[in-house]
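Colleague: okay, here's the prediction I keep looking at, along with the sequence it came from:
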Amino acid sequence: MSEPFTFDAFIRLPRLSGLRLAPDGSRLVVSVGLPHADGKRMASSIWQVDPTSATAPRRLTRSAKGESGAAFLPDGSLLFTSARPDPDAKPDGDEEPRPALWLLPAGGGEARLLAAPKAGVGAVHVARDAGTVVLAAGLFPGAATLEDDGAREKARADAGIGALLFEGYPIRYWDHYLGPREPRLLATDPPAGIEAGLGELRDLAPDAGGALLEVTAGVTPDGATIVVPWRDAGAGLDRETANLVAIDRATSARRALTSGEHWYEEPAVSPDGRRVAAVHATLADPETAPVVRLHLVELATGAVRDLTAALDRWPHGPTWGADSRAVFFLADDDGETRPFRVDLGSGTITRLAADGTYADLCPAPDGTALYALRSRVDRPPHVVRLAADLADGAAEEIASPALPEAELPRRGTVERVQVPAADGMPIRSWLVLPAGASAEAPAPLVVFVHGGPLGSWTGWHWRWNAHVLAERGYAVLMPDPAFSTGYGQPMIARGWGRWGEAPFTDMIVAVDGVLARPDVDASRTGLMGGSFGGYMANWVAGQTDRFRAIVAHAGLWELRGFHGTTDHGPSWEQEFGDPYADPTRYVVNSPSEHVAKIRTPMLVIHGELDHRVPISEALRLWTDLRRHGVEARFLYFPDENHWILKPQNARVWYETVLAFLDEHVLGGAWQRPGLL
């Protein structure tokens with residue numbers, strides 16, 4: 001019998017991500033995350049995986065700082081990023097290490113440092129044939145070289161200056177302020193030999209300002225052209241666009257491929273260098289939800305073709321087949337994220353798998369196979385192989401660092417359930433039942449509300465894992481109400497700009513459907529959510545007393561104030577309108593308007609470093625709850641952002657949540673976690 005699914009068992013599971021296939025198809029590499037030896041942080045290493053499973057997985061990198069961001073050069077050498085120290089450099093005890101670019105030779109040997117911009121290295125892209133390396137890094141405005149940038153940083157440090165002067169918007173993103181550096185793309189030739197270094201790093205867009213914030217790039221096979229989405233906030237900020245531009249590597253000249261009110265991301269250049277596949281979203285307004293499609297853009301002319309007009313799903317993660325005749329992509333689809341293939345000649349779209357949630361698609365160079373990471377609600381990511389052109393094919397698991405399914409800790413059972421909403425729309429959910437749940441011993445229910453709000457419960461979840469609760473005897477319902485992706489555009493439209501309406505009523509309908517089962521205890525229920533799910537937890541608290549306990553993690557509380565404190569408030573105007581002209585939608589959809597009706601005990605959780613849903617939302621919520629005499633607790637993380645990422649903080653999170661649920665849902669005594 002496997003061990004219980006405790007937090008300790010959960011945190012020890014290998015976390016696979018970033019699957020990549022070598023150019024010749026002979027080997028795969030994948031990042032594997034595990035708690036560091038000190039238990040205070042997660043660290044990742046890169047492992048080699050044999051696509052045939054003939055040889056066992058082998059660890060390629062090892063350091064205290066960990067490694068990630070793998071990318072292959074044409075000769076099979078491996079690039080990766082790591083904050084590990086340079087063994088040939090004099091240690092600087094005062095300098096905080098940042099991710100640098102390293103190379104591991106194809107034939108084996110020691111990894112060596114290639115580039116170490118002071119701000120660190122972000123995403124790494126490689127030209128398919130030429131091996132041109134394009135990497136994201138930050139530079140001070142006006143810095144012409146990495147040496148100039150380093151001198152600017154040293155001058156600030158020597159003067160003890162930490163102040164930032166902003167002249168534009170936005171000024172922060174998710175968990176960090178955007179100054180004093182600006183995001184840039186640097187291009188260079190690959191190493192010319194085993195001991196050679198990179199060529200000169202050329203700044204492709206020294207005048208970019210904030211246009212390349214969190215940008216992804218596509219590189220032509222010859223390395224001559226780099227395609228990026230170029231962000232333009234516009235005069236009013238509320239209609240920010242991201243159009244595709246082609247940057248000439250030799251001259252840094254930019255050429256617009258698209259123009260107008262568009263939002264493009266994830267550009268991928270075809271192996272023949274002629275076309276770009278990119279995710280496209282329409283700009284929305286309070287009456288019309290966005291529509292997401294996969295566009296094909298001709299590099300020579302900018303001509304655009306919609307590849308997925310016939311598919312009522314939102315595509316992402318495009319990647320090309322080796323012959324440039326097909327594009328593979330992912331899309332949420334009925335509670336899972338599935339792989340698709342679109343044939344450019346016929347326009348035919350084929351769903352390649354009907355079971356599981358997929359990521360990191362890697363087409364084989366011979367066109368026969370598609371490698372990917374696959375997970376399920378009850379199975380962490382593992383490496384699989386699919387046929388590249390077979391509809392709803394079966395996935396073949398490949399030996400990898402993932403724990404074999406038979407060795408996973410004991411978990412509850414998983415069911416797919418469905419009930420109709422008042423208007424007949426099917427509302428689908430995942431239900432995790434603990435072992436032993438029956439009519440004679442019905443399980444108490446906890447409802448998980450997903451974030452986004454444009455998202456869905458798909459696959460395995462590292463941050464909100466239902467099986468940890470199921471091990472404690474709870475049934476967990478994960479509904480996909482209005483706003484959820486994977487069910488077509490009408491499902492998204494029914495919640496757009498009306499957060500307190502269909503998303504709330506759909507969720508209640510889903511709960512009622514499950515509570516009618518004899519193996520679920522309708523008298524003992526709780527609800528919890530994070531981000532938009534935290535918003536919904538706050539909203540539910542002011543609408544009904546049916547739940548015994550509510551947990552709100554990083555939840556929105558007062559939307560008018562949120563507009564001015566979140567990292568990019570104007571983007572919310574596409575859904576709720578201009579708050580300076582008419583704040584009605586913000587007020588009507590704010591849970592804070594219903595604080596006087598809250599009677600349910602609440603646990604508020606928030607991280608100080610969260611700039612997407614700022615700590616001000618939790619502080620206002622906490623003050624309002626205390627002012628109105630609501631029984632509540634506040635779990636505060638000074639060193640976390642929108643997510644709880646450090647292992648011991650995650651332990652405290654689960655211990656506090658379970659103690660709160662045990663107290664109020666089960667009627668037990670409050671057990672304060674020992675480290676708090």
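Modeller: Good, I have the coordinates.
Colleague: what ranges does the stretch 51-200 of the chain have for its helices?
Modeller: 146-159 (DSSP state H, counting those that start in this stretch).
Colleague: where along it do the strands fall?
Modeller: 58-59, 67-72, 78-82, 100-104, 112-115, 121-126, 133-139, 172-173, 176-177, 182-188 (DSSP state E, counting those that start in this stretch).
Colleague: so which of the ones you listed gets nearest residue 200?
Modeller: strand 182-188 (6.3 Å; C-beta to C-beta). In this view, the C-beta of every residue, glycine as well, is placed from N, C-alpha and C.
Colleague: mind giving me the packing neighbours of whatever helix or strand comes next after that closest one?
Modeller: Later in the chain than strand 182-188, the nearest helix or strand by DSSP states H and E is strand 202-203. With contacts taken as 3 or more C-beta pairs under 8 Å, 6 or more residues apart in numbering; DSSP states H and E, strand 202-203 sits against strand 182-188.
Colleague: so what strands line up beside the strand it packs on?
Modeller: strand 133-139 (antiparallel), strand 202-203 (antiparallel) (DSSP bridges).
Colleague: re earlier: can I get the strands of the stretch 51-200 of the chain in TSV with distance to residue 195?
Modeller: TSV is the format used below for the strands of the stretch 51-200 of the chain (distance: least, C-beta to C-beta, whole Å):
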stretch	distance to residue 195
strand 58-59	24
strand 67-72	19
strand 78-82	16
strand 100-104	11
strand 112-115	8
strand 121-126	20
strand 133-139	17
strand 172-173	38
strand 176-177	36
strand 182-188	17
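Colleague: quick one: which of the ones you listed is nearest residue 424?
Modeller: Of the strands of the stretch 51-200 of the chain, nearest to residue 424 by C-beta to C-beta is strand 172-173, at 40.7 Å.
Colleague: pLDDT on the closest one, on average?
Modeller: Strand 172-173 shows a mean pLDDT of 94.
Colleague: got the contact list for it?
Modeller: 178, 213-214, 567-568, 611 (C-beta atoms under 8 Å, 6 or more residues apart in numbering).
Colleague: need the helices for the chain, in chain order.
Modeller: 7-11, 146-159, 466-471, 489-493, 502-515, 532-541, 559-565, 573-576, 584-588, 615-627, 647-664 (DSSP state H).
Colleague: who wins for proximity to residue 400 among the ones you listed?
Modeller: Per C-beta to C-beta, nearest to residue 400 of the helices of the chain: helix 7-11, 18.9 Å.
Colleague: tell me the mean pLDDT over the closest one?
Modeller: Rounded mean pLDDT across helix 7-11 is 97.
Colleague: just the buried positions in that helix, please.
Modeller: 7, 9-11 (16 or more other C-beta atoms under 10 Å).
Colleague: before we move on, what about stretch 448-459?
Modeller: 448-451, 453-459.
Colleague: so residue 177 touches residue 171, yeah?
Modeller: Yes: between residue 177 and residue 171 there is a contact at 6.3 Å, judged by C-beta atoms under 8 Å.
Colleague: now for these two: what residues contact both?
Modeller: Joint contacts of residue 177 and residue 171 (C-beta under 8 Å, 6+ apart) are residue 164.
Colleague: ok, residue 72 to residue 19 distance?
Modeller: 12 Å (C-beta to C-beta, to the nearest Å).
Colleague: name the residues contacting each of the two.
Modeller: residue 29.
Colleague: ok, now which ones touch residue 450?
Modeller: 456-457, 478, 480, 484, 529, 532-533.
Colleague: would you quantify the distance from it to residue 254?
Modeller: Residue 450 is 39 Å from residue 254, by C-beta to C-beta.
Colleague: thinking again about what came up before, quick check, nearest of the buried residues of helix 7-11 to residue 574?
Modeller: Nearest to residue 574 among the buried residues of helix 7-11, with distances taken as C-beta to C-beta, is residue 10, at 37.6 Å.
Colleague: any regions of the chain where pLDDT drops low?
Modeller: Along the chain, the model assigns pLDDT under 70 to residues 1, 90-95, 194, 235-236.
Colleague: please repeat the previous calculation with a cut-off of 80.
Modeller: The chain contains residues with pLDDT under 80 at 1-2, 87-96, 193-197, 233-238.
Colleague: before we move on, back to that, just name the most buried of the helices of the chain.
Modeller: helix 532-541 (a mean of 28; mean count of other C-beta atoms under 10 Å).
Colleague: what's the angle between that helix and helix 502-515?
Modeller: Here helix 532-541 runs at an angle of 80 degrees relative to helix 502-515 (axes from the mean of the first three to the mean of the last three C-alpha atoms, to 10 degrees).
Colleague: which residues touch the closest residue to residue 168 other than its chain neighbours?
Modeller: Distance criterion C-beta to C-beta, 6 or more residues apart in numbering; nearest residue to residue 168, sequence neighbours excluded, is residue 210 at 6.0 Å. Neighbouring residues of residue 210 by C-beta under 8 Å, 6+ apart: 168, 170, 178, 182-183, 231, 233.
Colleague: follow-up on the earlier one: turn the strands paired with strand 182-188 into JSON lines, including mean neighbour count and distance to residue 225.
Modeller: What follows is the strands paired with strand 182-188, written out as JSON lines (neighbours: other C-beta atoms under 10 Å; distance: least, C-beta to C-beta, whole Å):
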{"stretch": "strand 133-139", "mean neighbour count": "24", "distance to residue 225": "11"}
{"stretch": "strand 202-203", "mean neighbour count": "18", "distance to residue 225": "13"}
